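[1] Quick one: sequence and predicted model below, then my questions.
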Amino acid sequence: RRHPPPAPPPRCAPFPWDHPRTCYDGSDDGAHRSVGRGESGSCTMVGGPPTLSQVTKKIPASPLKSSILDQIPERLTGPAAWVGAEIKKRPDKWITRLSSDQIVELEDAAERYLSSGRDIGKIRAKDFPIPSLSDHLRKLAEKLVNGIGFEVLRGIPVHCYSREVIACIFCGIGAHLGSFRSQNAAGHILGHVRDTGADPEDTKTRIYQTNSRQSFHTDSTDVVGLICLCDARSGGESLLVSVETIFNQMRAKRPDLLEKLFDPIGTDRRGEVPEGMEPFMTIPPLTWHAGKLTVFYQRQYIDSAQRFPAAMRLTEAHVEALDMFDNLANDPELNIEMRLEPGDMQFVHNHSQLHDRTGFVDWSEPERRRHLLRIWLSLPGDRELHECFLQRYGSIDVGNRGGIVVGGTSRLHAPLYMR
(Lines give C-alpha, C1' and ligand atoms only; values in the text may rest on other atoms or scores of the structure.)
Protein backbone atom coordinates (compact mmCIF):
# COMPACT_ATOMS: atom_id res chain seq x y z
CA ARG A 1 0.00 0.00 0.00
CA ARG A 2 1.39 3.31 -1.09
CA HIS A 3 1.52 6.13 1.51
CA PRO A 4 1.23 9.82 0.57
CA PRO A 5 4.46 11.83 0.74
CA PRO A 6 5.06 13.78 3.95
CA ALA A 7 3.59 17.29 4.02
CA PRO A 8 6.08 20.09 3.42
CA PRO A 9 6.97 22.23 6.41
CA PRO A 10 4.55 25.09 7.00
CA ARG A 11 5.40 28.38 5.35
CA CYS A 12 4.91 31.98 6.40
CA ALA A 13 1.45 33.34 5.74
CA PRO A 14 1.17 36.17 3.22
CA PHE A 15 1.53 39.67 4.61
CA PRO A 16 -1.73 41.58 4.65
CA TRP A 17 -0.41 44.66 2.83
CA ASP A 18 -0.14 44.77 -0.93
CA HIS A 19 3.49 45.58 -1.75
CA PRO A 20 6.88 43.81 -1.84
CA ARG A 21 8.00 42.79 1.63
CA THR A 22 10.69 41.10 3.67
CA CYS A 23 10.16 37.73 5.25
CA TYR A 24 12.06 36.60 8.34
CA ASP A 25 13.22 32.97 8.20
CA GLY A 26 13.38 32.33 11.95
CA SER A 27 17.10 31.63 12.05
CA ASP A 28 19.61 33.34 14.32
CA ASP A 29 21.62 34.83 11.48
CA GLY A 30 18.90 37.34 10.76
CA ALA A 31 18.41 36.20 7.16
CA HIS A 32 15.72 38.02 5.20
CA ARG A 33 14.56 37.84 1.63
CA SER A 34 12.32 40.09 -0.42
CA VAL A 35 8.96 38.62 -1.29
CA GLY A 36 6.94 39.93 -4.19
CA ARG A 37 3.23 40.60 -4.43
CA GLY A 38 1.12 37.42 -4.26
CA GLU A 39 3.90 35.17 -2.87
CA SER A 40 3.52 33.46 0.46
CA GLY A 41 7.18 33.33 1.30
CA SER A 42 9.43 30.29 1.77
CA CYS A 43 10.50 30.65 5.37
CA THR A 44 10.35 27.49 7.43
CA MET A 45 8.77 28.22 10.76
CA VAL A 46 10.55 26.86 13.77
CA GLY A 47 8.42 26.66 16.86
CA GLY A 48 5.65 28.76 15.34
CA PRO A 49 5.63 32.14 13.55
CA PRO A 50 8.06 34.82 14.73
CA THR A 51 6.83 37.30 17.29
CA LEU A 52 6.56 41.04 16.52
CA SER A 53 9.55 41.74 18.76
CA GLN A 54 11.64 39.22 16.82
CA VAL A 55 10.71 40.76 13.51
CA THR A 56 11.37 44.34 14.60
CA LYS A 57 14.67 43.27 16.15
CA LYS A 58 15.83 41.76 12.87
CA ILE A 59 14.67 44.53 10.51
CA PRO A 60 16.87 47.62 10.87
CA ALA A 61 14.95 50.81 11.67
CA SER A 62 14.86 53.45 8.92
CA PRO A 63 16.80 56.57 9.89
CA LEU A 64 14.55 59.51 10.81
CA LYS A 65 14.51 62.40 8.37
CA SER A 66 16.52 65.30 9.76
CA SER A 67 14.98 68.76 9.94
CA ILE A 68 16.57 72.19 9.81
CA LEU A 69 14.54 72.94 12.93
CA ASP A 70 16.67 70.42 14.85
CA GLN A 71 19.56 72.92 14.55
CA ILE A 72 17.60 75.89 15.91
CA PRO A 73 16.57 76.56 19.52
CA GLU A 74 12.96 75.72 20.31
CA ARG A 75 12.30 79.39 21.04
CA LEU A 76 14.33 82.42 20.00
CA THR A 77 14.83 84.99 22.73
CA GLY A 78 16.61 88.31 22.97
CA PRO A 79 15.86 91.94 22.15
CA ALA A 80 15.06 91.28 18.45
CA ALA A 81 12.21 88.92 19.43
CA TRP A 82 9.96 91.81 20.45
CA VAL A 83 6.16 91.77 20.35
CA GLY A 84 4.34 94.78 18.92
CA ALA A 85 1.70 95.04 21.64
CA GLU A 86 4.46 95.41 24.21
CA ILE A 87 7.05 97.54 22.46
CA LYS A 88 4.54 100.13 21.20
CA LYS A 89 4.00 101.00 24.87
CA ARG A 90 7.71 101.83 25.18
CA PRO A 91 8.48 104.54 22.56
CA ASP A 92 11.52 105.49 24.63
CA LYS A 93 13.11 102.27 23.35
CA TRP A 94 12.82 103.21 19.68
CA ILE A 95 12.31 106.99 19.33
CA THR A 96 15.18 109.44 19.90
CA ARG A 97 14.43 113.15 19.66
CA LEU A 98 17.40 115.19 18.49
CA SER A 99 18.38 118.18 20.60
CA SER A 100 18.65 121.69 19.21
CA ASP A 101 22.44 121.55 19.63
CA GLN A 102 22.63 118.32 17.64
CA ILE A 103 20.49 119.83 14.88
CA VAL A 104 22.77 122.87 14.67
CA GLU A 105 25.77 120.55 14.48
CA LEU A 106 24.16 118.67 11.58
CA GLU A 107 23.44 121.95 9.76
CA ASP A 108 27.05 123.10 10.17
CA ALA A 109 28.45 119.77 8.96
CA ALA A 110 26.19 119.86 5.88
CA GLU A 111 27.17 123.46 5.07
CA ARG A 112 30.88 122.62 5.26
CA TYR A 113 30.55 119.55 3.08
CA LEU A 114 28.40 121.21 0.43
CA SER A 115 30.72 124.24 0.27
CA SER A 116 33.52 121.88 -0.78
CA GLY A 117 31.65 121.06 -3.98
CA ARG A 118 31.91 117.32 -3.47
CA ASP A 119 29.22 114.83 -4.55
CA ILE A 120 26.83 113.86 -1.74
CA GLY A 121 27.10 110.28 -2.98
CA LYS A 122 30.78 110.28 -1.97
CA ILE A 123 30.27 111.43 1.63
CA ARG A 124 32.10 109.54 4.39
CA ALA A 125 32.00 109.76 8.18
CA LYS A 126 35.32 111.62 8.32
CA ASP A 127 33.89 114.23 5.94
CA PHE A 128 30.91 114.85 8.18
CA PRO A 129 32.04 115.48 11.80
CA ILE A 130 29.17 115.46 14.31
CA PRO A 131 30.87 114.86 17.69
CA SER A 132 27.79 115.33 19.88
CA LEU A 133 25.81 112.77 17.85
CA SER A 134 28.49 110.26 16.83
CA ASP A 135 28.36 108.39 20.14
CA HIS A 136 24.61 107.86 19.80
CA LEU A 137 25.06 106.67 16.21
CA ARG A 138 27.53 104.02 17.40
CA LYS A 139 24.91 102.85 19.88
CA LEU A 140 22.29 102.93 17.12
CA ALA A 141 24.41 100.64 14.93
CA GLU A 142 24.67 98.20 17.84
CA LYS A 143 20.90 98.40 18.41
CA LEU A 144 20.26 97.61 14.76
CA VAL A 145 22.60 94.63 14.57
CA ASN A 146 22.25 93.12 18.05
CA GLY A 147 19.30 94.92 19.64
CA ILE A 148 15.64 95.43 18.77
CA GLY A 149 16.58 96.16 15.15
CA PHE A 150 15.06 99.59 14.51
CA GLU A 151 14.96 103.22 15.64
CA VAL A 152 13.38 106.56 14.69
CA LEU A 153 15.41 109.78 14.94
CA ARG A 154 12.97 112.69 15.25
CA GLY A 155 13.27 116.46 14.98
CA ILE A 156 14.97 117.43 11.70
CA PRO A 157 13.14 120.61 10.49
CA VAL A 158 13.03 119.57 6.83
CA HIS A 159 10.66 122.43 5.96
CA CYS A 160 13.51 124.86 6.69
CA TYR A 161 16.08 123.27 4.38
CA SER A 162 16.76 122.87 0.69
CA ARG A 163 16.66 119.39 -0.79
CA GLU A 164 20.44 119.44 -1.03
CA VAL A 165 20.87 120.16 2.70
CA ILE A 166 18.34 117.48 3.68
CA ALA A 167 20.09 114.89 1.52
CA CYS A 168 23.49 115.84 2.90
CA ILE A 169 22.32 115.55 6.53
CA PHE A 170 20.63 112.22 5.83
CA CYS A 171 23.60 110.74 3.97
CA GLY A 172 26.03 112.17 6.52
CA ILE A 173 24.24 110.32 9.31
CA GLY A 174 24.15 107.19 7.16
CA ALA A 175 27.91 107.41 6.59
CA HIS A 176 28.45 107.14 10.35
CA LEU A 177 26.48 103.88 10.38
CA GLY A 178 27.89 102.06 7.35
CA SER A 179 28.67 102.17 3.62
CA PHE A 180 26.15 103.05 0.92
CA ARG A 181 24.76 100.46 -1.48
CA SER A 182 23.15 100.85 -4.89
CA GLN A 183 19.35 100.67 -4.84
CA ASN A 184 18.76 100.07 -8.53
CA ALA A 185 20.44 99.38 -11.86
CA ALA A 186 21.25 103.10 -12.22
CA GLY A 187 23.54 103.09 -9.16
CA HIS A 188 21.41 105.40 -7.01
CA ILE A 189 22.44 105.46 -3.35
CA LEU A 190 19.65 107.95 -2.62
CA GLY A 191 16.24 106.57 -3.51
CA HIS A 192 12.94 108.38 -3.85
CA VAL A 193 9.95 106.61 -2.34
CA ARG A 194 6.79 108.07 -3.80
CA ASP A 195 3.88 107.16 -6.04
CA THR A 196 5.01 107.45 -9.67
CA GLY A 197 1.73 106.09 -11.03
CA ALA A 198 3.32 102.72 -11.79
CA ASP A 199 1.05 99.69 -12.13
CA PRO A 200 1.49 97.41 -9.08
CA GLU A 201 0.42 94.42 -11.21
CA ASP A 202 3.24 94.97 -13.70
CA THR A 203 5.97 92.40 -13.04
CA LYS A 204 8.64 95.07 -13.63
CA THR A 205 7.18 97.48 -11.07
CA ARG A 206 8.80 97.81 -7.67
CA ILE A 207 5.98 98.25 -5.18
CA TYR A 208 7.38 101.36 -3.48
CA GLN A 209 6.70 103.23 -6.74
CA THR A 210 2.94 102.95 -6.16
CA ASN A 211 0.42 104.04 -3.52
CA SER A 212 -0.77 100.45 -2.97
CA ARG A 213 -0.36 98.48 0.23
CA GLN A 214 3.06 96.92 -0.01
CA SER A 215 2.99 93.78 2.21
CA PHE A 216 5.70 92.88 4.71
CA HIS A 217 9.07 92.48 3.05
CA THR A 218 12.81 93.01 3.34
CA ASP A 219 15.19 95.06 1.19
CA SER A 220 18.40 93.76 -0.35
CA THR A 221 20.78 95.27 2.16
CA ASP A 222 21.77 95.13 5.83
CA VAL A 223 19.96 98.31 6.88
CA VAL A 224 17.39 100.52 5.19
CA GLY A 225 17.06 104.17 6.20
CA LEU A 226 14.21 106.57 5.40
CA ILE A 227 13.67 110.27 5.95
CA CYS A 228 10.18 111.69 5.53
CA LEU A 229 9.93 114.90 3.49
CA CYS A 230 6.12 114.95 3.13
CA ASP A 231 3.48 112.59 4.45
CA ALA A 232 0.32 111.52 2.63
CA ARG A 233 -3.12 113.06 3.00
CA SER A 234 -4.20 109.78 4.63
CA GLY A 235 -2.64 106.38 5.09
CA GLY A 236 0.96 105.49 4.34
CA GLU A 237 1.74 104.30 7.86
CA SER A 238 4.96 102.36 8.43
CA LEU A 239 4.73 98.87 9.94
CA LEU A 240 7.47 96.66 11.39
CA VAL A 241 7.45 93.08 12.67
CA SER A 242 10.14 90.82 14.16
CA VAL A 243 10.92 87.67 12.17
CA GLU A 244 12.02 85.95 15.39
CA THR A 245 8.56 86.52 16.84
CA ILE A 246 6.94 85.07 13.70
CA PHE A 247 9.31 82.10 13.93
CA ASN A 248 8.37 81.46 17.56
CA GLN A 249 4.66 81.55 16.70
CA MET A 250 4.98 79.15 13.78
CA ARG A 251 7.31 76.84 15.70
CA ALA A 252 4.71 76.51 18.46
CA LYS A 253 1.69 76.15 16.16
CA ARG A 254 2.78 74.63 12.83
CA PRO A 255 6.41 73.51 12.75
CA ASP A 256 5.64 71.45 9.64
CA LEU A 257 4.83 74.63 7.73
CA LEU A 258 7.70 76.58 9.26
CA GLU A 259 10.14 74.05 7.84
CA LYS A 260 8.88 74.82 4.30
CA LEU A 261 10.13 78.40 4.59
CA PHE A 262 13.73 77.14 4.60
CA ASP A 263 13.30 75.76 1.05
CA PRO A 264 14.94 77.58 -1.93
CA ILE A 265 11.75 79.37 -2.99
CA GLY A 266 12.14 81.62 -6.05
CA THR A 267 11.95 85.43 -5.77
CA ASP A 268 11.46 87.55 -8.91
CA ARG A 269 14.23 90.06 -9.69
CA ARG A 270 11.67 92.31 -11.43
CA GLY A 271 13.87 92.90 -14.45
CA GLU A 272 17.06 93.88 -12.59
CA VAL A 273 19.11 90.83 -13.56
CA PRO A 274 22.91 90.69 -13.19
CA GLU A 275 24.76 89.33 -16.21
CA GLY A 276 24.75 85.53 -16.35
CA MET A 277 22.14 85.17 -13.59
CA GLU A 278 18.60 83.83 -13.60
CA PRO A 279 15.70 86.33 -13.59
CA PHE A 280 14.83 85.05 -10.12
CA MET A 281 16.71 84.23 -6.91
CA THR A 282 16.52 81.09 -4.81
CA ILE A 283 17.33 82.56 -1.41
CA PRO A 284 15.00 80.86 1.12
CA PRO A 285 12.62 83.14 3.02
CA LEU A 286 14.37 81.93 6.19
CA THR A 287 17.96 80.81 6.70
CA TRP A 288 19.79 79.67 9.81
CA HIS A 289 23.50 80.41 9.65
CA ALA A 290 26.20 81.10 12.25
CA GLY A 291 23.60 80.97 15.02
CA LYS A 292 21.33 83.63 13.47
CA LEU A 293 17.90 83.50 11.85
CA THR A 294 17.87 85.69 8.73
CA VAL A 295 14.81 86.67 6.71
CA PHE A 296 14.65 87.47 2.97
CA TYR A 297 11.08 88.07 1.88
CA GLN A 298 8.78 89.77 -0.60
CA ARG A 299 5.56 87.82 -1.18
CA GLN A 300 4.52 89.57 -4.40
CA TYR A 301 7.92 88.77 -5.91
CA ILE A 302 7.67 85.16 -4.75
CA ASP A 303 4.29 84.83 -6.44
CA SER A 304 5.43 86.47 -9.68
CA ALA A 305 8.54 84.25 -9.83
CA GLN A 306 6.22 81.34 -10.57
CA ARG A 307 6.00 82.65 -14.14
CA PHE A 308 9.52 81.28 -14.70
CA PRO A 309 9.47 77.54 -15.56
CA ALA A 310 12.86 77.00 -13.88
CA ALA A 311 11.66 78.35 -10.51
CA MET A 312 10.78 75.77 -7.87
CA ARG A 313 7.04 75.03 -7.97
CA LEU A 314 5.17 76.07 -4.86
CA THR A 315 3.25 73.18 -3.34
CA GLU A 316 0.03 73.56 -1.37
CA ALA A 317 2.13 73.27 1.80
CA HIS A 318 4.42 76.09 0.64
CA VAL A 319 1.46 78.36 -0.08
CA GLU A 320 -0.07 77.51 3.29
CA ALA A 321 3.25 78.29 5.00
CA LEU A 322 3.60 81.63 3.18
CA ASP A 323 0.00 82.52 4.02
CA MET A 324 0.55 81.76 7.69
CA PHE A 325 3.76 83.82 7.67
CA ASP A 326 1.85 86.76 6.15
CA ASN A 327 -1.06 86.41 8.57
CA LEU A 328 1.26 86.47 11.56
CA ALA A 329 3.16 89.47 10.19
CA ASN A 330 -0.15 91.31 9.85
CA ASP A 331 -1.30 90.47 13.36
CA PRO A 332 -1.61 93.82 15.19
CA GLU A 333 -0.59 92.07 18.40
CA LEU A 334 2.76 91.17 16.83
CA ASN A 335 3.61 94.16 14.61
CA ILE A 336 4.00 97.84 15.37
CA GLU A 337 2.49 100.65 13.31
CA MET A 338 3.86 104.19 13.23
CA ARG A 339 3.30 107.30 11.18
CA LEU A 340 6.52 108.95 10.06
CA GLU A 341 6.28 112.71 10.42
CA PRO A 342 8.18 115.11 8.15
CA GLY A 343 11.76 115.15 9.45
CA ASP A 344 11.62 111.64 10.95
CA MET A 345 14.46 109.27 10.07
CA GLN A 346 13.76 105.55 10.45
CA PHE A 347 16.49 102.88 10.37
CA VAL A 348 15.61 99.17 10.15
CA HIS A 349 17.77 96.03 10.18
CA ASN A 350 16.66 93.93 7.22
CA HIS A 351 17.96 90.58 8.47
CA SER A 352 15.85 90.52 11.65
CA GLN A 353 12.85 92.72 10.75
CA LEU A 354 10.26 92.99 8.01
CA HIS A 355 8.76 96.33 7.07
CA ASP A 356 5.61 97.38 5.29
CA ARG A 357 3.60 100.44 4.34
CA THR A 358 -0.14 100.81 4.22
CA GLY A 359 -1.87 102.11 1.12
CA PHE A 360 -2.38 105.85 0.99
CA VAL A 361 -4.35 108.68 -0.56
CA ASP A 362 -2.12 111.54 -1.69
CA TRP A 363 -2.53 115.29 -1.94
CA SER A 364 -3.59 116.79 -5.25
CA GLU A 365 -0.83 119.43 -5.10
CA PRO A 366 2.43 117.97 -6.47
CA GLU A 367 4.60 119.75 -3.88
CA ARG A 368 2.62 118.19 -1.00
CA ARG A 369 2.64 114.61 -2.25
CA ARG A 370 4.04 111.87 -0.01
CA HIS A 371 7.80 111.68 -0.48
CA LEU A 372 10.56 109.91 1.43
CA LEU A 373 14.27 109.60 0.70
CA ARG A 374 15.88 106.20 1.21
CA ILE A 375 19.39 104.87 1.74
CA TRP A 376 20.68 101.30 1.87
CA LEU A 377 23.63 100.58 4.14
CA SER A 378 26.06 97.76 4.79
CA LEU A 379 27.20 97.77 8.43
CA PRO A 380 30.57 96.68 9.83
CA GLY A 381 30.13 94.17 12.63
CA ASP A 382 26.92 92.74 11.19
CA ARG A 383 26.13 89.01 11.05
CA GLU A 384 27.57 86.53 8.59
CA LEU A 385 25.23 85.47 5.79
CA HIS A 386 24.80 82.11 4.10
CA GLU A 387 26.48 81.81 0.70
CA CYS A 388 23.08 81.67 -1.02
CA PHE A 389 22.98 85.48 -0.59
CA LEU A 390 25.77 85.75 -3.16
CA GLN A 391 23.18 85.53 -5.94
CA ARG A 392 21.64 88.78 -4.71
CA TYR A 393 24.50 90.63 -3.04
CA GLY A 394 27.42 89.60 -5.25
CA SER A 395 29.56 89.68 -2.09
CA ILE A 396 28.68 88.55 1.41
CA ASP A 397 31.69 90.21 3.03
CA VAL A 398 30.54 91.91 6.23
CA GLY A 399 30.53 95.68 5.73
CA ASN A 400 30.76 95.43 1.94
CA ARG A 401 27.65 93.70 0.66
CA GLY A 402 24.12 94.27 -0.54
CA GLY A 403 22.47 96.46 -3.09
CA ILE A 404 21.58 95.95 -6.73
CA VAL A 405 24.40 95.84 -9.26
CA VAL A 406 23.80 94.72 -12.83
CA GLY A 407 25.84 94.97 -16.03
CA GLY A 408 24.77 98.53 -16.81
CA THR A 409 25.11 99.94 -13.29
CA SER A 410 27.01 103.20 -13.45
CA ARG A 411 28.95 104.92 -10.70
CA LEU A 412 27.20 105.38 -7.37
CA HIS A 413 25.54 108.77 -7.01
CA ALA A 414 22.80 110.55 -5.08
CA PRO A 415 20.11 112.06 -7.34
CA LEU A 416 18.35 114.86 -5.49
CA TYR A 417 15.25 114.82 -7.67
CA MET A 418 13.28 112.19 -9.54
CA ARG A 419 13.33 112.30 -13.31
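    Received it, and whenever you're ready, just let me know what you need.

[2] neighbours around the closest residue in space to residue 273 that isn't next to it in sequence, how many?
    Spatially, and ignoring its direct neighbours in sequence, residue 273 is nearest to residue 279 (5.1 Å; CB to CB, 6 or more residues apart in numbering). From N, CA and C alone the C-beta is placed, and that goes for glycine too. Residues lying near residue 279 (other CB atoms under 10 Å) number 17.

[3] next one: residue 208
    Other residues lying near residue 208 total 20 when counted by other CB under 10 Å.

[4] Sketch out the low-pLDDT regions of the stretch 1-150 of the chain for me.
    For the stretch 1-150 of the chain, applying pLDDT under 70 flags the ranges 1-65.

[5] Tell me the spacing between the residue nearest to residue 273 and residue 113.
    40 Å (CB to CB, to the nearest Å).

[6] likewise residue 183?
    Taking CB to CB, one finds residue 183 at 21 Å from residue 113.

[7] When these two are compared, which one has more neighbours?
    Taking neighbours as other CB under 10 Å, residue 183 and residue 113 compare with residue 183 leading, 25 against 22.

[8] Is that one within a helix or a strand, and which one?
    Using DSSP states H and E, residue 183 maps to neither a helix nor a strand.

[9] which residues touch it?
    189, 191, 374, 376, 403-404 (CB atoms under 8 Å, 6 or more residues apart in numbering).

[10] one more time with 6 Å, if that's ok
    Residue 183 makes contacts with 191, 376, as judged by CB atoms under 6 Å, 6 or more residues apart in numbering.

[11] again, but for residue 274
    Listed by CB under 6 Å, 6+ apart, the contact partners of residue 274 are residue 406.

[12] Thought residue 262 was touching residue 284, still the case?
    Yes. Between residue 284 and residue 262 there is a contact at 5.1 Å, judged by CB atoms under 6 Å.

[13] Which one's more surrounded, those two?
    residue 284 (21 against 17).

[14] how many neighbours does residue 417 have?
    By other CB under 10 Å, 7 other residues sit near residue 417.

[15] Quick check: closest non-adjacent residue to it.
    Spatially, and ignoring its direct neighbours in sequence, residue 417 is nearest to residue 163 (7.0 Å; CB to CB, 6+ apart).

[16] Show the pLDDT at the one you found.
    As predicted, residue 163 sits at a pLDDT of 97.

[17] Please determine how far it is located from residue 148.
    Residue 163 is 31 Å from residue 148, by CB to CB.
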